[in-house]
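Chemist: Task: produce atomic coordinates for the following.
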Amino acid sequence: MSPATPDLLSPRSPRVSAARRLAKRNFRGKERLFLAEGPQAVREAAAHRAGDDTATLVELFATVEAAERYADIVGEARAAGARIHLAADDVIADISTTVTPQGLVGVCRFLDTPFDDIVAARPKLVAVLAHVRDPGNAGTVLRCADAAGAEAVVLTDASVDLYNPKAVRASVGSLFHLPVAVGVTVERAVAALRDAGVRILAADGAGQHDLDDELDHGTMGGPTAWVFGNEAWGLPEETRALADAVVRVPIHGKAESLNLATAAAVCLYASARAQRGSGGCRSGTRNQ
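Modeler: The predicted structure follows:
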């Protein structure tokens with residue numbers, strides 16, 4: 001930074017107040033803005049563009065130390081057209097929702113994708129979160145879907161807010177990597193994806209079908225949407241009834257069960273492996 005003692009944003013600045021309010025869902029919805037905290041999320045936000053090439057990152061708040069340490073990220077944010085605000089540590093801590101802020105907080109435009117656009121792209125692997133209420137789990141499943149090469153994630157109308165700060169943090173930047181639709185009923189999601197040629201699998205610990213058996217029988221290689229349910233009670237019967245098969249992850253040891261994010265990772269990677277194997281819908285491809 002050029003000045004030895006740069007001017008810092010006042011704690012009473014309207015910009016600080018506006019950013020602080022984005023910790024609440026109703027303000028996020030009204031402004032269609034959300035917070036992305038930490039260097040990884042801010043870097044991904046700075047690189048992201050909407051379909052009309054609109055920059056996703058609108059503002060960046062940074063401590064002087066963070067602005068110096070992450071000068072490359074600040075430069076990327078500035079190149080994306082974001083307004084850069086320097087502020088004292090206590091101001092950044094006031095905006096941040098983490099216990100130990102990393103000195104960078106970005107304000108981003110909503111980036112969810114219309115569900116119809118996702119269906120029109122005829123995806124091969126989709127994660128559908130039905131009744132998932134824990135933001136950390138939602139963000140982690142999104143990250144797993146990204147890592148497994150899924151083309152989309154769908155959060156139903158009964159699930160947690162995609163832009164909850166905990167969900168954004170748990171996605172570790174994956175929120176900016178793949179299309180995510182929100183507010184869709186599970187019934188509509190299943191019907192539209194099935195019409196697009198996607199097989200619907202519901203993940204449930206009490207499922208009649210074993211994941212290992214599905215892999216052994218060669219039924220996992222086609223386009224697939226996995227439906228994941230609530231952390232505490234799983235999927236209701238009416239949602240399980242919508243699926244082409246209800247599949248359980250086998251427990252070979254003495255563990256009582258797997259948590260949602262772990263089970264989702266196992267299921268998504270099983271599909272990714274089968275789709276890239278001989279006869280799978282991605283056979284001959286390694287990374288997409």
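Chemist: So the protein: which segments form each domain?
Modeler: The record assigns the chain these domain ranges, following automatic domain parsing: 14-109, 115-276.
Chemist: Ok, which of those comes nearest Arg282?
Modeler: Taking CB to CB, domain 115-276 is the member of the domains of the chain nearest to Arg282, at 4.3 Å. Quick note: C-beta positions are derived from backbone N, CA and C, even for glycine.
Chemist: Mean neighbour count added to the domains of the chain, as TSV?
Modeler: Formatted as TSV, the domains of the chain follow (neighbours: other CB atoms under 10 Å):
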stretch	mean neighbour count
domain 14-109	18
domain 115-276	19
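Chemist: As CSV, those domains with mean pLDDT and distance to Gly284 would be great.
Modeler: Shown next, in CSV, are the domains of the chain (pLDDT from 0 to 100; distance: least, CB to CB, whole Å):
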stretch, mean pLDDT, distance to Gly284
domain 14-109, 94, 29
domain 115-276, 95, 8
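Chemist: Redo those as a markdown table? Include distance to Asp7.
Modeler: Output for those, formatted as a markdown table (distance: least, CB to CB, whole Å):
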| stretch | distance to Asp7 |
| --- | --- |
| domain 14-109 | 7 |
| domain 115-276 | 28 |
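Chemist: Of these, which is nearest Ser283?
Modeler: Smallest distance to Ser283 across those (CB to CB): 6.4 Å, for domain 115-276.
Chemist: Helices of the stretch 51-200 of the chain, residue ranges please.
Modeler: 64-69, 71-79, 89-95, 115-120, 135-147, 165-171, 186-195 (DSSP state H, counting those that start in this stretch).
Chemist: Tell me how far the second one lies from the chain's centre.
Modeler: Meaning helix 71-79. Distance, stretch centre to chain centre, for helix 71-79: 23 Å (CA atoms, centre = their mean, to the nearest Å).
Chemist: The fourth one now?
Modeler: Taking CA atoms, centre = their mean, one finds the center of helix 115-120 at 17 Å from the center of the full chain.
Chemist: which residues touch Ala127?
Modeler: When contacts are counted by CB atoms under 8 Å, 6 or more residues apart in numbering, Ala127 touches 141-142, 144-145, 150, 152-154, 225-226, 228, 264, 268.
Chemist: from the residues you listed, which is closest to Ala206?
Modeler: Closest approach to Ala206 among the contacts of Ala127 (CB to CB): Phe228, at 14.3 Å.
Chemist: wait, doesn't the closest one sit right on Ala203?
Modeler: Yes: Phe228 lies in contact with Ala203 (CB atoms under 8 Å); the separation is 5.3 Å.
Chemist: Find the residues that touch each one of the two.
Modeler: 235, 263-264, 267.
Chemist: circling back: reformat the helices of the stretch 51-200 of the chain as TSV; add distance to Thr239.
Modeler: As requested, the helices of the stretch 51-200 of the chain are exported to TSV (distance: least, CB to CB, whole Å):
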stretch	distance to Thr239
helix 64-69	44
helix 71-79	41
helix 89-95	38
helix 115-120	17
helix 135-147	16
helix 165-171	21
helix 186-195	6
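Chemist: Which of those sits closest to Cys281?
Modeler: Using CB to CB, the nearest of the helices of the stretch 51-200 of the chain to Cys281 is helix 186-195, at 14.2 Å.
Chemist: packing partners for that closest one?
Modeler: Contacts defined by 3 or more CB pairs under 8 Å, 6 or more residues apart in numbering; DSSP states H and E place helix 186-195 against helix 115-120, strand 125-129, strand 152-156, strand 199-203, strand 224-228.
Chemist: returning to that earlier point: secondary structure and distance to Ala243 for the shared contacts of Phe228 and Ala203 - can I get that in JSON lines?
Modeler: Shown next, in JSON lines, are the shared contacts of Phe228 and Ala203 (DSSP: H, G, I helix; E, B strand; the rest coil; distance: CB to CB, whole Å):
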{"residue": "Leu235", "secondary structure": "coil", "distance to Ala243": "8"}
{"residue": "Ala263", "secondary structure": "helix", "distance to Ala243": "15"}
{"residue": "Ala264", "secondary structure": "helix", "distance to Ala243": "15"}
{"residue": "Cys267", "secondary structure": "helix", "distance to Ala243": "12"}
